[in-house]
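Peer 1: fold the following, please.
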Amino acid sequence: MWMTSAMSYYGLILINTSIMTIINPKTSTSTDTKPNNCKMLTTDDYKSLIFTTFGEMFGIPLLLFLLSRFGRRTVCLINFSSASVCFALFFFVSYTTSWFVNAVTFTARMFINAQFSLMYLYTMEVYPTVIRAMAVGCASSMSRVGAMITPFLAQVLIKHTFSGTIAIYVLTTAIAAVCAVLLPIETRGRELRVSR
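Peer 2: Below you'll find the predicted structure:
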């Protein structure tokens with residue numbers, strides 16, 4: 001789940017710019033194309049990026065709202081399932097305008113940011129004090145593996161198979177949602193463990 005959280009978080013940022021270069025004809029004009037096939041973003045593209053970034057600001061309030069009503073496993077399920085649905089909506093991107101991409105990315109970033117923060121909280125609540133720092137460090141290291149994979153997916157593979165790339169993100173977030181339900185320990189209302 002840690003790996004999926006990081007892969008999805010950074011993937012959304014990179015996929016957003018990739019989609020802009022795919023659906024926005026102004027982005028890929030021949031005068032803007034560099035010899036290495038880089039495409040320049042327009043002012044509207046940057047405005048869109050700024051707008052979608054604000055989605056992260058609502059992630060923590062969303063997390064606090066959900067945690068006050070549900071257990072950790074349920075909130076993980078909600079976050080990953082919502083992110084999976086948002087990724088699935090990208091399949092319809094070629095038939096829509098950029099406002100749709102912005103709305104979906106805004107929502108997805110909100111849920112993934114909430115989930116990324118929840119992963120730290122849940123991991124600290126599960127492990128006892130004597131190994132808590134090591135557990136969070138190891139889990140965070142696994143998330144970096146996902147962060148290393150996502151540039152290949154969102155910047156390279158997406159140019160060859162858009163649907164295949166999006167399907168990977170849909171599948172991994174859906175699997176993470178199933179894993180959230182199968183978590184063996186619910187830590188809501190439980191005191192932090194001091195010893196084994």
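
Peer 1: mind giving me the packing neighbours of the helix or strand hosting Leu118?
Peer 2: Using DSSP states H and E, Leu118 maps to helix 98-126. For helix 98-126, the elements it packs on are helix 2-23, helix 43-57, helix 59-67, helix 72-89, helix 129-151, judged by 3 or more CB pairs under 8 Å, 6 or more residues apart in numbering; DSSP states H and E. Any C-beta I mention is one placed from the backbone N, CA and C, and that applies to glycine too.

Peer 1: nearest to Val101, out of those?
Peer 2: Proximity to Val101 (CB to CB) singles out helix 2-23 among those, at 5.5 Å.

Peer 1: using CSV, write out every CA atom in the worst-scoring helix or strand of the chain on mean pLDDT.
Peer 2: Lowest by mean pLDDT, DSSP states H and E among the helices and strands of the chain is helix 43-57, with a mean of 83. Provided in CSV are the C-alpha atoms of helix 43-57 (Å, rounded to 0.1, in the frame of the first residue of the first chain):
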residue,chain,number,x,y,z
THR,A,43,0.0,29.5,-19.7
ASP,A,44,-3.4,27.7,-19.5
ASP,A,45,-1.6,24.5,-18.8
TYR,A,46,0.3,26.1,-15.9
LYS,A,47,-3.0,27.5,-14.5
SER,A,48,-4.4,24.0,-14.6
LEU,A,49,-1.4,22.6,-12.8
ILE,A,50,-1.8,25.2,-10.0
PHE,A,51,-5.5,24.5,-9.7
THR,A,52,-5.0,20.7,-9.4
THR,A,53,-2.3,21.3,-6.8
PHE,A,54,-4.9,22.9,-4.5
GLY,A,55,-6.5,19.5,-4.3
GLU,A,56,-3.8,18.5,-1.9
MET,A,57,-4.7,21.2,0.5
